[in-house]
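Asker: Generate a structure from the sequence data that follows.
(chains A and B)
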Amino acid sequence: MGSTITEKILAHHAGLQRVEPGELITAKVDLALANDVTAPLAIEAFKNMGAEKVFDPERVALLPDHFTPARDIAAAENCALVRRFAQEQGIVHYYEVGRVGIEHVLVPDLGLVLPGDLVVGADSHTCTYGALGAFATGVGSTDLAMAMALGEIWLRVPRTMKFVYRGRLRPWVGGKDLILYTIGVIGVDGALYRAMEFHGPVVENLSMDGRFTMANMAIEAGAKNGIFHVDEVTREWLKSRAHREYIEFKSDPDAEYEKVYDFDVSDLEPQVALPHLPSNVRPVSEVRDVEVDQVVIGSCTNGRLEDMEVAYRILRGRRVHPRVRLLVFPGTQEIIREMASRGWLEALVEAGAVISPPTCGPCLGGHMGVLAAGERAISTTNRNFVGRMGHRDSEVYLSGPAVAAASAVLGRVAHPEEVF
Amino acid sequence: MEARMILEGKAWRYGPNVDTDVIIPARYLTSYDPEELGKHCLEDLDPEFSSRVQPGDMVVAEENFGSGSSREHAPLALKGCGVSCVIASSFARIFYRNAINVGLPILECPEAVADIETGHRLRVDLVKGTIENLSTGKVFQATPFPESVREIIASGGLVEYVRRRLEERGGPASR
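Answerer: Numbering: from 1, shown residues only, chains lettered A, B, ... in the order given. Next up, the predicted model:
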């Protein structure tokens, strides 16, 4: 019996020939990361462990991206604590406001994660990096402290579920629609404790940006990790980013899968997740006419250049509906710079969008665009739980950037074709 | 930080997918003081909870408790407002690890969850893994912890486990 890509990466990092699902392993970590919400607790646990030095100052990344630029004094104090720790420890990959981006957009862009790596992050969306053929999973602060101290993490080897996507995507349908559709089918605990492995001609034709979006939301199905095979698209993307050797692991043809889903997505419409679960998914045609107060385009899910391009294509020469606030928050400073040089920023500002620095703020109702009671947003983020973006009586609809941008123009949930 | 092995308290019963955003909304995450977090615990799901919960009370919920964010503030908030343990039909994986790591007892037992209503009095034996519903007289056996988790608990939690590992390496002081 063969092994899956997840099992192979885990075996490699545990120094074992092979591992079986359910097995407990202690694995070496290539990168451990935390943000301004999770790092303070991790630093406290690190000190309580009696640790004095991180295992490798080049393999710990600290990215203050949640309540930054500092929302209030408490946030500023947390950032100061993380900054001091980074200085004391000589952390190489600490990024200050002005250089920092939304962690899961910035980290792969800097080439800090490569195929075959094992990454743990004190942020649930760390699973994003699986798009590069790496094993990446979210952990809490104490687990992260262990990784910072020892360069190791204990893990149970997950069973793997395979998802195959066939057919040809319709216009305006992308990675976000595929993953929302998938979560709609299997449910928010449909992949609990499992690895989600993505395959098929449709995902092979996706850009890296689209793949990051899919892997990003594996956690929304309860998964431990989401993962793709490395192919030409990956290698091309890595050419300008990878500064060290990497290993391309691949699932064996006779690898064991707990379950295989085979989807023909040729007829798939853009998808929308209704409040208050990411699995509460409908095709956009069934959700039209729902009025929105705020539209949010960005985040670690959809804050990449391709997402910004979709927003630009729909919004150029159009106006945001007078009743609607459109927040655009790109994932990194580099993306903002690129948007400026291509003229997209100007077009978005002319349309009536406000451009935010790269921050997680609005996605989690932290700052920079919080919802009042009774307000409704459509957002390209990843969670629509009760109170996620503000007041407990506010509502969040999740979609890809195309539906979000079209909804900003029409003031209601809309199919992108409605604005052309 | 030795946990009590026999717990007794009143049940607060909730449905499936109680996520970490409702356990402790992100707007409060600039604090990581358990007591401060505890003041807002579950407020978006049940605004009365944090003001009425009594020390020792237990949260009982259906599938996928603790889904969503990796915030360790979630089990800390539950501890901070006096919750002695969480009983659920199943737990989301990061919450599961975090609860073990911060010493919040958790028990997986769908049968008990089906029997328990808000206000029932419960007695939990953490050594045996039994849940007794004193209001209905029924006794349930929770799923035992996997070996990996038992090792962490036996070491006195993850912080102690790592402390021991660092000492085995010759101790940080010797570097």
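
Asker: With adjacent residues omitted, what lies nearest to residue A:315?
Answerer: In this structure, residue A:315 finds its nearest non-sequential neighbour in residue A:351, 4.2 Å apart by CB to CB, 6 or more residues apart in numbering or on different chains. All C-beta spots, glycine's among them, are computed from the backbone N, C-alpha and C.

Asker: Looks like that neighbour contacts residue A:319 (just checking).
Answerer: Yes: using CB atoms under 8 Å, residue A:351 makes contact with residue A:319 at a distance of 5.9 Å.

Asker: List the contacts of the residue nearest to residue A:315.
Answerer: With contact taken as CB atoms under 8 Å, 6 or more residues apart in numbering or on different chains, residue A:351 is in contact with A:315-320, A:326, A:408.

Asker: State the distance from it to chain B.
Answerer: Distance from residue A:351 to chain B, counting by CB to the nearest CB, to the nearest Å: 29 Å.

Asker: And the pLDDT for the closest residue to residue A:332 other than its chain neighbours?
Answerer: Excluding its sequence neighbours, the residue lying closest to residue A:332 (CB to CB, 6+ apart) is residue A:101, at 3.2 Å. On the pLDDT scale, residue A:101 is placed at 98.

Asker: quick one: contacts for residue A:101?
Answerer: Counted by CB under 8 Å, 6+ apart, residue A:101 has contacts A:63, A:65, A:95, A:109, A:331-335, A:358.

Asker: burial measure for residue B:79, as a count.
Answerer: Per other CB atoms under 10 Å in any protein chain shown, the neighbour tally for residue B:79 reads 21.

Asker: and the longest strand along chain B, which strands flank it?
Answerer: As assigned by DSSP state E, the longest strand anywhere in chain B is strand B:6-13. Using DSSP bridges, strand B:6-13 pairs in its sheet with strand B:58-61 (parallel), strand B:121-125 (antiparallel).

Asker: just so I know, which of these lies nearest residue B:98?
Answerer: Proximity to residue B:98, assessed across the strands paired with strand B:6-13 by CB to CB, is greatest for strand B:58-61 (14.7 Å).

Asker: Helix or strand next in line after the closest one, which one?
Answerer: Remark: after strand B:58-61, the chain's next helix or strand is helix B:73-80, criterion DSSP states H and E.

Asker: what helices or strands is whichever helix or strand comes after that following helix leaning on?
Answerer: Per DSSP H and E, the first helix or strand lying C-terminal to helix B:73-80 is strand B:85-88. For strand B:85-88, the packing partners by 3 or more CB pairs under 8 Å, 6 or more residues apart in numbering or on different chains; DSSP states H and E come out as strand B:58-61, strand B:106-108, helix B:110-115, strand B:121-125.

Asker: Would you mind getting the angle between the helix or strand following strand B:85-88 and helix B:73-80?
Answerer: Scanning forward in sequence from strand B:85-88 by DSSP H and E, the next helix or strand is helix B:93-102. If you take axes from the mean of the first three to the mean of the last three CA atoms, to 10 degrees, helix B:93-102 sits at 50 degrees to helix B:73-80.

Asker: could you check whether helix B:93-102 is close to chain A?
Answerer: Yes: counting by CB under 8 Å from any CB of the partner chain, chain A is contacted by helix B:93-102 at B:93-94, B:97-98, B:101-102.

Asker: For the residue nearest to residue A:332, pull up the helix or strand it's in.
Answerer: According to DSSP H and E, residue A:101 maps onto no helix or strand at all.

Asker: Give the burial count for residue A:133, as a bare number.
Answerer: 26.

Asker: ditto for residue B:54
Answerer: For residue B:54, the tally of surrounding residues (other CB under 10 Å) stands at 11.

Asker: In contact with it, which residues?
Answerer: B:9-10, B:82 are the contacts of residue B:54 under CB under 8 Å, 6+ apart.

Asker: Ok, residue A:151 next?
Answerer: If a contact means CB under 8 Å, 6+ apart, then residue A:151 has A:28-29, A:32, A:55-56, A:59 as its contacts.

Asker: need the contact list for residue A:241.
Answerer: Residue A:241 sits next to A:108-111 when contact means CB under 8 Å, 6+ apart.
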